[in-house]
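what follows is a protein structure lacking sequence information:
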């Protein structure tokens, strides 16, 4: 969630600088998408490790298996939100535009950082014995 928050806050800062109710709704939506992407990666890592795959291979294979799904989800959402974000000055878009801008900014950072940060954190936690998987 912090990864998604970074992009949402930056998008508010660089566009209007005002945290409105639609922007907060955008954050809630963004947190759901970012959480789903993280769960996809972690569950895939745990599934592979329970089969006895080494940690490095688990992270490499697990990330490449889910990369397409994560990128396509983010790209589809971003393509749908771009018209809403850029037409903020038109009547009726006062609510949609701040929400779309927050989601777009957060999608960009959370997707990019999830691809790089989650594997690193998983590796660190696994090496410290915090994450335990049972072999099948």
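Yep, it's here. As the structure is a computational prediction, the values presented were derived from the model and not from experiment. Numbering: from 1, shown residues only.

let me see the backbone angles for the residue of the chain positioned farthest from its centre.
In the chain, the residue that sits farthest from the middle, by CA atoms, centre = their mean, is residue 91; the gap is 30.5 Å. Main-chain dihedrals, residue 91, degrees, to the nearest 10: phi -60, psi 140.

I figured residue 77 hits residue 106, correct?
No. Applying CB atoms under 8 Å as the test, residue 77 and residue 106 come out as separate, 10.3 Å apart. For glycine as for every other residue, the C-beta is placed from the backbone atoms N, C-alpha and C.

tell me which of these two has more neighbours.
Neighbour count, other CB atoms under 10 Å: between residue 77 and residue 106, residue 106 has more, with 27 against 18.

and that one, how far is that from residue 2?
Distance of residue 106 to residue 2, given as CB to CB, to the nearest Å: 11 Å.

quick one: the residue farthest from the centre of the chain from residue 16, how far?
Plainly put, residue 91 is 17 Å away from residue 16 if you go by CB to CB.

and residue 9, by the same measure?
Distance, residue 9 to residue 16, by CB to CB: 12 Å.

again, but for residue 64
38 Å.

one more: residue 84?
Taking CB to CB, one finds residue 84 at 14 Å from residue 16.

which of these two has more neighbours?
residue 84 (18 against 14).

so how far is residue 125 from the more buried one?
37 Å.

buried ones in stretch 41-49, by neighbour count?
For stretch 41-49, the neighbour count (16 or more other CB atoms under 10 Å) marks 41-42, 44-46, 48-49 as buried.
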